[in-house]
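J.: turn this into a model:
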Amino acid sequence: MPPTKKNVAILVFDEVEVLDFAGPFEVFAVADELHSHEPFHTFTVALQPATVHARNGLKIVPDFALEDCPAPHVLVVPGGFGTRALLDLPSFHEWLRAKARHAEVVMSVCTGSLVLARAGLLDGLRATTHHENFAMLRQLAPQTEVVETERFVDNGKILTAAGISAGIDCSLHVVARLLGPAAADATARYMEYRRA
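T.: Next comes the predicted model:
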């Protein structure tokens, strides 16, 4: 890979919401394809090197496990009911904090923001989540301003997207930041997606 290619690591775990991870995966992979496979290396990473069972029965074979994951430039933490189990894994929180220190962008989708909150990555920031989980985000992140009216919130390095399909909008926003607005527009057009 050329040295300028950015690693986009997308976390997957049991009971992950499918569009939460598949939407961002599609955005970064399409943006890469439309730019001669130069900007992004998009891959999945799981807690362990084993098949992941997503919501509604979809099975995923992750590209990497935590211990052998390439250093991410962009780290995406999706949501879904499986985030509840992640809230009680201190070793995973330490991995997340370590990777976040060196990443350019850390982005959550839906209830992935709860995981960022538990890891202490949202303190003093603005954040959003799925509309059914605003109260839980406030409970986990009392030092965070919870935003209920935006599709995504950009704090610079840390971004949070609202529920499910909002991850596509947030990912396109990240593409616009990294490659320029024209690249994001071309990616959305290829996907037949109307940006919010």
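J.: so for the residue lying closest to Glu104 once chain neighbours are set aside, what's the pLDDT?
T.: In space, and not counting its chain neighbours, Glu104 is closest to His73: 4.9 Å by Cβ to Cβ, 6 or more residues apart in numbering. Quick note: C-beta positions are derived from backbone N, CA and C, even for glycine. Looking at His73, its pLDDT stands at 97.
J.: okay, now the unreliable bits of this protein?
T.: The chain contains residues with pLDDT under 70 at 1-3.
J.: if we can go back for a sec, from Ala9, how far out is the residue nearest to Glu104?
T.: As defined by Cβ to Cβ, to the nearest Å, His73 lies at a distance of 9 Å from Ala9.
J.: so which of the two has more stuff around it?
T.: Ala9 (23 against 17; other Cβ atoms under 10 Å).
J.: wait, doesn't that one sit right on Phe40?
T.: No. Ala9 sits out of contact with Phe40 when judged by Cβ atoms under 8 Å, with a separation of 10.8 Å.
J.: give me the common contacts of the two.
T.: Residues touching both Ala9 and Phe40 (Cβ atoms under 8 Å, 6 or more residues apart in numbering): Val74.
J.: do you know how far Ala71 is from Ala98?
T.: Separation of Ala71 from Ala98 (Cβ to Cβ): 10 Å.
J.: do Ala166 as well
T.: Ala166 is 27 Å from Ala98, by Cβ to Cβ.
J.: of these two, who's got more company?
T.: For the pair Ala166 and Ala98, the greater number of neighbours falls to Ala166 (23 against 11), based on other Cβ under 10 Å.
J.: what residues does that one make contact with?
T.: Ala166 is in contact with 109-110, 151-152, 196, counting by Cβ under 8 Å, 6+ apart.
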